[in-house]
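1. Everything below, folded, please.
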Amino acid sequence: MKKIVGTAMAGAVLAVLAQAQTEWENPVKKTLREGKPVVGMTVSIPSPDAALQAARLGFDFLWIEMEHSAITLESARNIILATHGTGTVPFIRVPVNELWTAKRALDIGALGVIFPFVSTPELAQRAVAACKYPPLGRRGSGPGLATLRWPAPGGYSDFADKNAMVIIIIEQKEAVERIEEIVAVPGIDVVFIGPNDLSYSYGFRGRQEPVVMEAQAKVLAAAQRRNITVGRLAGGAELAGYIKQGYQFFQTSTELNFMAAGARPLLQSLGKTGFDPKTRPLY
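-> Residues are numbered from 1 along each chain as shown. Predicted structure coming up:
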């Protein structure tokens, strides 16, 4: 009798745990839905140890940089595995907005894809379709590695369609001109403003001139009218002001820059300085 009761209780516990796991929600999505900001560190070097340290520090997500770094799919996979059990969500910025790049990022376990240079509604539709399984999109089925990182009891495809995030970057003049069409595309989770490339697109080579600031304000307003989260690059001192403006999703500095910021005060207190290209030969 005890064995029967014990078995029944164990079964009930497993059923409750399975239901809880099935109802798991991407914590970044959940936090944004609750109206709170999220912040992520940019991963620019292929170091699982640095990624794990960032995850343990409490960043909401890791922005795994594959557009402007030497990170490969293999090293990105190791970085993703390092986030397991930490509560930090791995996203990958792919180098181009193509189905195959997004598919490979998701299939190694990223739970969101960041698409650069989304300047037309057609490119926005392509981004969404790359992250959703048919009939919602065009993602191919083969998530063996992804299921090791995200062992969804109810099935990976439904889990991924619900939790994998689509983050598009607005960083060209054309995108600003067509922003109303772009934000009308269903399935976009975050509209991210790339201020530096946007400035280059207007001919200012990174300078945040008034016309560039006006363009950013236009994008912010258009996304907010559609209740789409808006993100941008930001440092610690700027966060409060940007949150007040309505931004919620923040890419912060790289692990290398954080290391430099932490080391400089110590070195300077001892009168030690590093390489300065203004005072030493470059080559």
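2. make it CA atoms for all contacts and neighbour counts henceforth
-> Will do.
3. Do a quick rundown of the strands in the stretch 151-283 of the chain.
-> According to DSSP state E, counting those that start in this stretch, the stretch 151-283 of the chain carries its strands in the segments 165-170, 190-193, 229-233, 249-254.
4. Rebuild those as a markdown table, extending it with mean pLDDT.
-> Listed next are the strands of the stretch 151-283 of the chain as a markdown table, based on pLDDT from 0 to 100:
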| stretch | mean pLDDT |
| --- | --- |
| strand 165-170 | 98 |
| strand 190-193 | 98 |
| strand 229-233 | 98 |
| strand 249-254 | 98 |
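5. So for the protein, the centremost residue is which one?
-> For the chain, the residue nearest the mean C-alpha position is Phe91 (4.1 Å; Cα atoms, centre = their mean).
6. What average pLDDT does the helix or strand hosting it get?
-> Per DSSP states H and E: Phe91 is located in strand 89-93. For strand 89-93, mean pLDDT rounds to 98.
7. just how off-centre is that strand within its chain?
-> A distance of 4 Å separates the centroid of the chain from that of strand 89-93, by Cα atoms, centre = their mean, to the nearest Å.
8. same deal with stretch 117-126?
-> Relative to the chain's own centre, stretch 117-126 is displaced by 18 Å; criterion: Cα atoms, centre = their mean.
9. tell me the contacts of the nearest residue to Gln251 once chain neighbours are set aside?
-> Excluding its sequence neighbours, the residue lying closest to Gln251 (Cα to Cα, 6 or more residues apart in numbering) is Leu233, at 4.7 Å. Contacts for Leu233 (Cα atoms under 8 Å, 6 or more residues apart in numbering) come out as Ile193, Gly194, Pro195, Phe250, Gln251, Thr252.
10. measure Leu233 to Met259 for me?
-> 18 Å (Cα to Cα, to the nearest Å).
11. is it possible to export the contacts of Leu233 to a markdown table including neighbour count and distance to Arg225?
-> What follows is the contacts of Leu233, written out as a markdown table (neighbours: other Cα atoms under 10 Å; distance: Cα to Cα, whole Å):
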| residue | neighbour count | distance to Arg225 |
| --- | --- | --- |
| Ile193 | 24 | 16 |
| Gly194 | 19 | 20 |
| Pro195 | 22 | 21 |
| Phe250 | 24 | 20 |
| Gln251 | 19 | 22 |
| Thr252 | 22 | 25 |
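12. With distance to Ala124 added, can I get the residues you listed in a markdown table?
-> A markdown table is the format used below for the contacts of Leu233 (distance: Cα to Cα, whole Å):
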| residue | distance to Ala124 |
| --- | --- |
| Ile193 | 14 |
| Gly194 | 16 |
| Pro195 | 19 |
| Phe250 | 20 |
| Gln251 | 20 |
| Thr252 | 24 |
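13. now, which of the residues you listed sits nearest Val176?
-> Closest approach between the contacts of Leu233 and Val176, by Cα to Cα: Ile193, at 9.9 Å.
14. Tell me the bridge partners for that closest one.
-> Ile170, Arg232 (DSSP bridges).
15. Quickly note the distance from it to Glu181.
-> 16 Å.
16. quick one: low-confidence parts of the chain?
-> For the chain, the stretches with pLDDT under 70 are 1-22.
17. can you map out the helices along it?
-> Using DSSP state H, the helices of the chain run over 2-22, 27-33, 48-57, 73-82, 99-107, 121-130, 144-149, 156-163, 173-177, 179-183, 195-201, 210-225, 239-245, 255-269.
18. would TSV of those with distance to Asp189 be doable?
-> Below are the helices of the chain laid out as TSV (distance: least, Cα to Cα, whole Å):
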stretch	distance to Asp189
helix 2-22	21
helix 27-33	8
helix 48-57	22
helix 73-82	21
helix 99-107	15
helix 121-130	9
helix 144-149	20
helix 156-163	10
helix 173-177	17
helix 179-183	10
helix 195-201	19
helix 210-225	10
helix 239-245	17
helix 255-269	25
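19. just so I know, which of the ones you listed lies nearest Val113?
-> Val113 sits nearest to helix 99-107 of all the helices of the chain, at 6.4 Å, using Cα to Cα.
20. How far does that closest one sit from its chain's centre?
-> 14 Å.
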